[in-house]
Structures are given as structure tokens and as C-alpha cells.
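>>> The sequence and its predicted three-dimensional model are supplied below.
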There are 2 protein chains.
Amino acid sequence: MPMTDAQHAYVDRVATFFTMFGSARAWAEILGWLMICEPAERTQAEIAEDLGLSAGTVSTQLRAHVQLGMVEQVRVRGDRTQRYRLRPGAWFAVMSSELERIRALGDLARAGDGVLPRDRPERVTELGDLADFFAREWPPLLERMTAEREKGTP
Amino acid sequence: MPMTDAQHAYVDRVATFFTMFGSARAWAEILGWLMICEPAERTQAEIAEDLGLSAGTVSTQLRAHVQLGMVEQVRVRGDRTQRYRLRPGAWFAVMSSELERIRALGDLARAGDGVLPRDRPERVTELGDLADFFAREWPPLLERMTAEREKGTP
DNA sequence: GCATGTTTTCAACGATGCCTGAAACAAGTG
DNA sequence: CACTTGTTTCAGGCATCGTTGAAAACATGC
């Protein structure tokens, strides 16, 4: 099943968006296509065919998606080909994992304790306070997010 | 005033952290150094000297910082040299500007309305709901952040 | 086991982007 | 006006990374 013009346009929109933040073009196209392809599960060969990418590129970039937790493999018994799909709740998972990066920022700030400048030490401490604040606020925020989500899909 | 070993180590720590997310090495080193240098205001020539970077590199990467709003120029009257410093509240400003990116994600999701897949349309709509949620939650979160900040520095 | 189609790996090419060094430019000072 | 100091620009070198194409490795149904 070939892509319609509208589908192609959307994949391009998504790809343009994420490449602006430094993503590889193929990585972003695969993401966009997995958001709207039908059915939602696709093989590597199909993705390569649909998007006009080489098998090697699809293999590499798809693995990047899997490692990031955005995409998962689905095994269909009776069929030897591996299928891939956007992981249910993928977008929420991304937001959840943000907490780790917040903590890392906090660690970075605390690592500066030994070299705190006398002049405007808040250049460092501000970052620590900020990380602490978000580390505190993030879990309840995620809970509200989950509640909202389950309200939408009961 | 040359850097101490500890200062050098911290600049390296910061640089390593941000280059992991795709930043240029010099960009990240300048950021780390502007966090702890003394005094907080430095000229391009000083930064180049301190970090062992070429004048051209400092000019380019420093401008990137200025355009991102992390660094600002300070004019000292009677002195013809431009001085640069980490902008007060720089870290908070970064978090505030996050709202724009959230909105952009929401737009991206809504752009998919025309190509919503019948099979698991939540692959697209979930992203929209998420963006809406954060667009709603972000301003009050920022307010709490500001309140917290002013409590620390009255 | 064998055959078939799928997936991974890897060398090579190409593009992109960082960094430098030098030259041009600006701006005060003697 | 030269001199000094500071900043910007830009061509070129270098390294990195994405992509391809093909071959090797793999997995599964027969």
C-alpha cells in the first residue's frame, strides 16, 4: 500500500521538525511514518520500501528508536518477519524519562560546589535549585498526566 | 588569572555533559567557564586565552550563546572592550522558553488530523493531548518556580 | 537440515559542522 | 596619525556522522 500525498506531506512535516533539533533525517521519517502508517505494525522491508530508504539505514535508525523506547518489536507467530510499531504510550514515556535528565542537571550543579565563584555564585547554585524544584514537581505532574490520559481512554 | 585544576575539571565536566546532547565542544566549554570564572564578566580575548581556543571560535560560539539568551554583553563605560557574562536568571529563562517547544509539538500533532490512521489513531492524538496538558500546566509551574526562587533570594 | 526471505554489519562515499589561522575591521590611546 | 588591543569574517583542514549497497549472518517454515 503506497503512501498518499497527504501522508507523505505529514511524514515530511514530522521529519523537518525533528531534524531541526539534530535528528537524522531517516530517524525522523521513520518516526513520522510509524505515527500514521496502516496497519500500525510494519516490517523493516516495508518501511524501507515505503520511504525509499535502504535496508541498512532502516535497520540502524530503527534500532535507535527501539533503544530510546519509542518503538517496539512485535512478534507475530506463524510469520517469521519481525514487525515494528510505535510503542503505546510512547509520548508519555518520553516525558517520564525527562526526570533522569533533570537529576543529571542537578548532579552537574552540585559538582560545582568545589569551585563556587565568590562573584555571583548563583550562576551555579541557581541551576541546582532549579533541578531540585523540577525533581520535586515532576512526579506529581506525571501523575496528573496519567490521570488525564486515563480519563480520555477509559 | 589562570584556571586552577579544579576549575579546569569542572569546565570539562560541563563540556562533556552538553556535548553528549550534541553541543559543540567550544560552546559547552565557554558555558562552563562563564559559570565559574572570576570575575563573572570576561572579554572574548580572555575566554580564548583561558580555554586555549582561537579568537574566531570564541566569537562564533559566544554569539550562539547570546542568540540563545544564555549570555549577555555588558558595556563598561570608559573601557572599549566588550565584556560577556552568564545572564542572570539564565537557567530559569531556558525553562520558560520550553513552552514554545511544547506548543510546536501540539501544532505538529494537530497537523496530523488529515491523515489520522484508523488503526490506533492515538499514535497521533496522544501527542496532541500531551502537548495540551503541558501547555496548561507549564505557566502555573513557572509561577511556582519563580516564587521559590524569590524565596531563596529576598 | 534446507531454502527463503529478513536483518545486521561494514567499508566507502558524501555532507555537514567545528575549529583554526589569517586577514580585515573597529576603536580607543599616545 | 601610527600603534595597540579587541572582534568579526571566512576559506581551508579535519573529524564526525548519515546513508548506501552488498555481503554475511540469522531465523523460521517447510
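Cool, got the structure.

>>> From here on, just use CA atoms for contacts and neighbour counts.
Will do.

>>> The longest helix along chain A and chain B in contact?
In terms of residue count, the longest helix belonging to chain A (DSSP state H) is helix A:122-152. Yes: on the criterion C-alpha under 8 Å from any C-alpha of the partner chain, helix A:122-152 is in touch with chain B at A:123-124, A:126-127, A:130, A:133, A:145.

>>> all helices for chain A, in order.
A:5-19, A:25-36, A:44-51, A:55-68, A:90-110, A:122-152.

>>> Any buried residues in the first one, and which?
When you say that, I think you mean helix A:5-19. Using 16 or more other C-alpha atoms under 10 Å in any protein chain shown as the test for burial, helix A:5-19 gives A:7-8, A:10-18.

>>> Mind pulling up the pLDDT for the residue of chain A positioned farthest from its centre?
Of all residues in chain A, residue A:118 has its C-alpha farthest from the mean position, at 39.9 Å, by C-alpha atoms, centre = their mean. Per-residue confidence (pLDDT) for residue A:118: 96.

>>> State the distance from it to residue A:144.
41 Å (C-alpha to C-alpha, to the nearest Å).

>>> Do you know the pLDDT at the closest residue to residue A:114 other than its chain neighbours?
With C-alpha to C-alpha, 6 or more residues apart in numbering or on different chains as the criterion, residue A:114 has its nearest non-adjacent residue at 7.5 Å, and that residue is residue B:6. You'll see residue B:6 listed with a pLDDT of 97.

>>> From what I see, residue B:6 and residue A:115 are in contact.
Yes: between residue B:6 and residue A:115 a contact is recorded at 6.7 Å, counting by C-alpha atoms under 8 Å.

>>> got the residues of chain A near chain B?
Counting by C-alpha under 8 Å from any C-alpha, chain A sits next to chain B at A:6-7, A:10, A:13-14, A:22, A:35-40, A:86, A:88-89, A:91-92, A:108, A:111-112, A:114-121, A:123-124, A:126-127, A:130, A:133, A:145.

>>> End to end on stretch A:45-64, go ahead and measure it.
17 Å.

>>> any idea how far it is from the chain center?
Here stretch A:45-64 is found 18 Å from its chain centre; the criterion is C-alpha atoms, centre = their mean, to the nearest Å.

>>> Name the residues of it that are buried.
Within stretch A:45-64, the residues that count as buried by 16+ other C-alpha under 10 Å are A:45-48, A:50-51, A:53, A:58, A:61-63.

>>> right, and the pair among the residues you listed with maximum separation?
The span of these, defined through C-alpha to C-alpha, is set by A:50 and A:63 at 17.9 Å.

>>> who's in contact with residue A:38?
B:117-119 (C-alpha atoms under 8 Å, 6 or more residues apart in numbering or on different chains).

>>> Can you list which of these are found in strands?
Counting by DSSP state E, none of the members of the contacts of residue A:38 fall within strands.

>>> and of these, the nearest to residue B:76?
For those, the minimum distance to residue B:76 (C-alpha to C-alpha) is 59.7 Å, reached by residue B:117.

>>> Model confidence for the nearest residue to the closest one once chain neighbours are set aside, exactly?
Spatial nearest neighbour of residue B:117, chain neighbours left out: residue A:36 (5.3 Å); criterion: C-alpha to C-alpha, 6+ apart. pLDDT, residue A:36: 98.

>>> swap in the one 3 residues further on?
At residue A:39, the pLDDT value in this model is 94.

>>> and if you look at the one 10 residues further on?
Predicted confidence (pLDDT) for residue A:49: 95.

>>> contacting residues around it?
Neighbours of residue A:49 in contact, by C-alpha under 8 Å, 6+ apart: none.

>>> Over to the one 4 residues further on?
By C-alpha under 8 Å, 6+ apart, the contact list for residue A:53 reads A:26, A:47.

>>> so where's chain A uncertain?
Within chain A, the stretches with pLDDT under 70 are A:1, A:77-78, A:152-154.

>>> backbone phi and psi for residue A:112, please?
phi -90, psi 0 (degrees, to the nearest 10).

>>> Show me how chain A divides into domains.
Domain ranges of chain A: A:5-86, A:90-152, per automatic domain parsing.

>>> Same list, those, but as TSV with distance to DNA strand D please.
Conversion of these to TSV gives the following (distance: least, C-alpha to the nearest atom of the strand, whole Å):
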stretch	distance to DNA strand D
domain A:5-86	4
domain A:90-152	19
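
>>> Distance to residue B:75 added to those, as JSON lines?
Output for the domains of chain A, formatted as JSON lines (distance: least, C-alpha to C-alpha, whole Å):
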{"stretch": "domain A:5-86", "distance to residue B:75": "33"}
{"stretch": "domain A:90-152", "distance to residue B:75": "18"}
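
>>> Determine which of these approaches DNA strand C most closely.
Nearest to DNA strand C among those is domain A:5-86; the distance by C-alpha to the nearest atom of the strand comes to 3.5 Å.
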